[in-house]
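J.: Here is my input, please return the structure:
(chains A, B and C)
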Amino acid sequence: MSAPITKPESSRRQFFNGTVRGAFLFLLGAATTLLFRRSQPKRTVWQIDPYKCICCTRCATECVMHPSAVKCVQVYPMCGYCKLCTGYFEPEPISLDTGAENQLCPTGAIKRRALEDPYYEYTIDEPLCIGCAKCVKGCVLFGNGSFFLQVRHDRCVNCDECAIAIACPPQAFQRVPADKPYLMKDREHQA
Amino acid sequence: MRRLVRGCLWLALLGLPLASAFGVERFPPPEFDAGYKMPVTTVPAARAQWLSYLDVAVLVAALALTSHLVLRKRSRDGVLAVSVFSLLYFGFYQQGCVCSIGSVQDITLALFNSGYVVPLTTVAFFLLPLVFTLFFGRTFCAAVCPMGAIQDLTLLKPVKVPAWLEHVLGVLPFVYLGAGILFAATGSAFIICEYDPFIALYRRTGSFGMLALGAAFLIAGIFIGRPYCRFLCPYGALLSLVSRYSKWGVTLSPTDCIHCQICDTACPYGAIADPTLKDPHPDPRKRKRRLIALAALVPLLVVLGGWLGGRLGVPFSRMHATVSLAEQVAAEDAGKVKELTDASKAFRQTGQPAEELYAEALRVRGRFVGGSVWFGAFVGLVFGVTLISVSEPRKQDIYDPHPGDCVSCGRCYVYCPKEIVRLKRIQSKNVIPLTPVRGEQKS
Amino acid sequence: MQPATKNSTPTAAGHWPQAQVRTAIIAGAFCVIIAALMLINQLQSRSFDPLTAQELKQLKASLVQNPTDEGLKKQIRALDHNLRRHHSRHVLLAERGGWLLIVGASVFLFAVQSAIYRRKLPKTQKLDRTHETEDHAAATARMGVAMLGVMLGAAAWALAAETTTFIPAQTAKAAATTEAAAAAEPPAPTTPFPTPEELKQNWPRFRGPSGSGISAYANVPTTWNAKTGENILWKVPVPIIGPNSPVLWGNRVFLCGATEKKREVYCYDTTNGKLLWQKQVGDIPGTDPEAPSVMDEGGFAPSTVATDGRRVYAIFANADVAAFDYKGNRVWARNLGKFDDSYGHASSLETYRDRLLIQVDQGTGKDGKSKILALETATGNTAWESAPRPVPGSWSSPILINTGKREMFIVTAKPWVMAYDPASGKEIWRAEALSGEVTPSPVFGAGLVFTAIEGEKLAAIKPDGEGDVTKTHVVWSAEDGLPDVSSPLCDGQRVYLATSTGQITCFEATKGKKLWEKELDNISFKSSPALAGDKVYFFSDKGSVIVLQAGNEYKEVARAELGEEVLSSPAFADGRIYIRGKKSLFCIGSKK
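T.: As a prediction, this is how the structure comes out:
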């Protein structure tokens, strides 16, 4: 509609402002060159290294999302399909059934299903999981470690600085490429 | 009996050191007969890459549109509309991250730590508003920034903050900026993100404290215009610096100001600067002496700030994970604390000697002490410059938005009587030449 | 949000239109109620937090004491059910409450904003501004700023005074060493590729600069003792065993390793042998999930990595190529397409300026699958690709040489030794000098390119020809002591060969006269010899090293044992030798 109204300024001030503006532009240019060398087009996202995790429950409490964006996953090829799953049952369960007194998961998010004897399948009902890692601890300590925590990217808002990462005692959180956003366990790992 | 055996088994297993228990295949996965289909672990994808390019595109579009609306259309309604859009897109849809305010810290970390690779999107979010501000003033603050937008939209009954208080609180954004840079550069924390009051609202979830802080800011913001932008926002501090030298910016009617002061009343952000008094100062020598004294005070304040800042290096360095871990381990070793933390337990399990940790912590602390000296000196400088600028305001002849403080919201356009007349005439006849009438002025 | 219609504009100053007022009041009340409910919900949810359910914990503990108490069980089940019900209700309430609050707040804001839209402003003319009032205002502001400054300063002072630290200030040794290590960390390079001098000072690829096996440093030990630890600065395990050799840059040592399923690159600190990082190459689109067929000896990572001081590059038998930066971030990775190679692709990498050169020889030689690939080191994109090479698979590593007139990329495979322009991939010359399964790599010295393979010959080729130079530029050839795996070494005057049967043979370099040969009992060489100063180092498969004086006669200077099998070739640095044994990486050097 109209040209921007130039600021009513004296020519001296205009000159001074122009000089400072030039300096700012130069600074920005310099910063840009430097930054472009240290930047990459690809986004990164946060992920937890399951081999560093110590199951401290901070993932459940520190996340800016409530409930946490960190949840437990089950890698089936690693699972022993144990009848006495140490991720599912309390230590020293009274009996190996789905009674609340025997279950470790505080929200009952693990589903136990009988397969051919003596094997049982354990699946995680993700909406219920709060990422407390109680089952992870049981599975890592006494089982194959097929339960472990992962940041779920359908829920993670990818904070610039992850609140759990700051609080994580073993510093198991790291940035990973967004196109490969999971750090899954596998059977071959020798660490 | 069976229970006893099992109990013994548990006890035996409990004795196992945790470290050796990682990644052990104790129970070979079974070979199932046909018929069992092993479920696949789902891996929900992260936000797609092209969406982050879209964010940048939307940012550019919003910046360009707002600049156009503010400077060419001079349309408050347009700015309002973009605000609503930005609030929805950058706020509720994008949920705050990445934002330009927080990007300051990414950029700092990338500049100080060559190992930190910053995504190009973040660089764009940092640079684009700065570049736009350099040319068009703080149009980013006007309607593009979701933090600004939410405060602008929730401002209902503006109360004038006394000018002196405004000056005092105006120091805080720079202190916050300095602290944000210090903690980011040392790789300790992104405090600007951590204490972002509105992001929890955009996410509709968060810790009680953050939600309460957000609510408190919003409620305060009903009466005090943009409290976060004016008295805390570190990126706003940067933009206000840059905006002082912008090529164009919000300015009221180019025809003569009638000194009605309506713009001053209309501006809820105290950004309208008063004209310089015409009559000469009764005691120019006193004034000059004071100015000289204040100018001489600046280096003193810088030195004092640097010295005080240096003393803060040790306490500040505790924000760094390595230092706080080292402190904990050292306190445990010295018998000062009984309770081991998860972090110190995890550290002790790695078997790394404590000396290495201490050495690393001391190195980090060394960096902190150096950084804190700069930080303190910077704060001293800010105080010094503020004292001078308070005593010697910018010279101008009319009531006009201060280029640094004005967030380009366009409210004054609506109320300036000269501007109303001017805009009407343009709309109806399009005859008034739009070249600046007051371009030539005495210095 | 801009109802600029007439009916919404106030008719009289200060009087809000009724409709908006009512809406605002209702919406406002709604917001307050929802907010209050959410607050209560939030406070309540703490007592139903499944993580910290004390009562349940206690009940469960007492159940362990009385495992048969059915009543207790029922109690636990009821409590658990109750807890979970409340928990999920709280989560749901928080979620829905958030939305309701947003809707309510929007309505409220819309109502109030439209009511006050362009409202008339109260007339609040400022009092007459005079210099006196202005000065007074400025003085108040100055006072306020000063007060704030004093407050901040006092807070800083108090914080500093209150802080105590337990970290011992003088952990002198550790501090000094890490300080030194930190200081020794090379500044981030600013150029895209290293200068020839930088390359010479480091050990950037298999057999060092130009693949010559010649160290720039003469001050390395000739003896050590694995048992007593004499001259062994450090020894660290390598996570995955393999025959590829270490490369060096600054204070970093790089290696790689692979199994059927994973491929890793390792970075060690030269100062203390600390594994700085261990990174999986990870999944790359296009990688055949089925592992390639390989020989036991070579394994899945027979090729040595290369580095240019900016990144480290690794190639694996399954055709994965990856680049990592010095912090261990994967910069790029790609798969070259499954190799048609039943032994496992084994050629090591070379860098030329900002290009990564890869010898991709495979197949039968008639199928056009063999080629040279040049990738951009920064991105991994293909820079050029040579014309199809008329050769079958080869297991030797190419070298980049500088004849003084031009740079050439020498690639050996049956039957051709071929020279390429490293900038364009155009062939320069070729000579027929090889047969069989070519594994030893070429070397360049005394102005000649030497190639050798068991069952054919040792050939010395003058690299200044063009086209097929078989008849014109093969200066001399010999057929004694030809190696099967180990590569030749040229010290400028002589050429040394070592075989897996334990024979070392030495020829005069320019004329090809055999100077001496030596049969060693119970010794086999697969590692390639290396020269440091005037000493030639031969590492045997069993881990013995035989150090000879470079010269026209066989003269043994020293022998030492590593205590581990060695298939890789050593890397040399200032005062140090790095060698990868079967399980460990050794750093040999004088401890002084």
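J.: Hmm, B:F136 is touching B:G249, no?
T.: Yes. Look at B:F136 against B:G249 with CB atoms under 8 Å: they come within range, at 7.0 Å. (Each C-beta comes from the backbone N, C-alpha and C, glycine too.)
J.: and for these two, which residues touch both?
T.: B:L71, B:S408 (CB atoms under 8 Å, 6 or more residues apart in numbering or on different chains).
J.: and the gap between the residue nearest the centre of chain B and B:L177?
T.: Geometric centre of chain B, nearest residue: B:I101, 3.6 Å, by CA atoms, centre = their mean. Distance from B:I101 to B:L177, counting by CB to CB, to the nearest Å: 10 Å.
J.: Find the residues that touch each one of those two.
T.: Shared contacts of B:I101 and B:L177, counting by CB under 8 Å, 6+ apart, come down to B:P234, B:Y235.
J.: which residues in chain A form strands?
T.: A:39-40, A:44-48, A:70-74, A:110-114, A:120-124, A:147-151, A:173-177 (DSSP state E).
J.: could these go into CSV alongside mean neighbour count, distance to chain B and mean pLDDT?
T.: As requested, the strands of chain A are exported to CSV (neighbours: other CB atoms under 10 Å in any protein chain shown; distance: least, CB to the nearest CB, whole Å; pLDDT from 0 to 100):
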stretch, mean neighbour count, distance to chain B, mean pLDDT
strand A:39-40, 18, 5, 76
strand A:44-48, 23, 5, 91
strand A:70-74, 24, 5, 95
strand A:110-114, 14, 10, 92
strand A:120-124, 18, 6, 93
strand A:147-151, 27, 8, 95
strand A:173-177, 18, 8, 89
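J.: What segments of the stretch 151-300 of chain C are strands?
T.: Taking DSSP state E, counting those that start in this stretch as the criterion, the stretch 151-300 of chain C carries its strands at C:214-215, C:232-237, C:247-249, C:252-258, C:263-269, C:275-280.
J.: Pull up the pairing partners for the second one, direction included.
T.: Partners of strand C:232-237 in the sheet, by DSSP bridges, are strand C:584-589 (antiparallel).
J.: Could you write out the alpha-carbon coordinates of the partner strand in PDB?
T.: Presented in PDB, the C-alpha positions along strand C:584-589 are these (Å, rounded to 0.1, in the frame of the first residue of the first chain):
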ATOM      1  CA  SER C 584      45.100 -56.200  21.600                       C
ATOM      2  CA  LEU C 585      46.400 -52.900  20.400                       C
ATOM      3  CA  PHE C 586      50.000 -52.300  21.500                       C
ATOM      4  CA  CYS C 587      51.800 -49.000  21.900                       C
ATOM      5  CA  ILE C 588      55.600 -49.600  21.900                       C
ATOM      6  CA  GLY C 589      57.900 -46.800  22.900                       C
END
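J.: Show which residues not belonging to it make contact with it.
T.: Here strand C:584-589 has contacts from C:220-221, C:224, C:231-238, C:246, C:253, C:255, C:268, C:270, C:273, C:562, C:564, C:575-580, using CB under 8 Å, 6+ apart.
J.: partner strands of the helix or strand bottoming out on mean pLDDT in chain A, parallel or antiparallel?
T.: Least confident helix or strand, chain A: strand A:39-40 with a mean of 76, by mean pLDDT, DSSP states H and E. Counting by DSSP bridges, the strands paired with strand A:39-40 are strand B:118-119 (parallel).
J.: Identify all contacting residues around stretch B:319-332.
T.: Residues contacting stretch B:319-332 (CB under 8 Å, 6+ apart): A:166, A:171, B:183, B:186-189, B:317-318, B:337, B:340-341, B:343-344, B:347-348, B:354, B:357-358, B:360-361, B:364-365, B:368, C:165-168.
J.: gap between the two ends of stretch C:200-213?
T.: Taking CA to CA, to the nearest Å, stretch C:200-213 runs 11 Å from one end to the other.
J.: Buried ones in it, by neighbour count?
T.: Residues of stretch C:200-213 classed as buried: C:200-213 (neighbour count, 16 or more other CB atoms under 10 Å in any protein chain shown).
J.: likewise stretch C:472-479?
T.: So stretch C:472-479, judged by 16+ other CB under 10 Å, has buried residues C:H473, C:V474, C:V475, C:W476, C:S477, C:A478.
J.: which one of those is nearest chain B?
T.: C:H473 (47.4 Å; CB to the nearest CB).
J.: Among the contacts of stretch B:319-332, which ones are in helices?
T.: Judged by DSSP state H, helices contain the following of these: A:166, B:183, B:317, B:343-344, B:347-348, B:354, B:357-358, B:360-361, B:364-365, B:368.
J.: Return the members of those classed as buried.
T.: For the ones in helices among the contacts of stretch B:319-332, buried by 16+ other CB under 10 Å: A:166, B:183, B:317, B:343-344, B:347, B:354, B:357-358, B:360-361, B:364-365, B:368.
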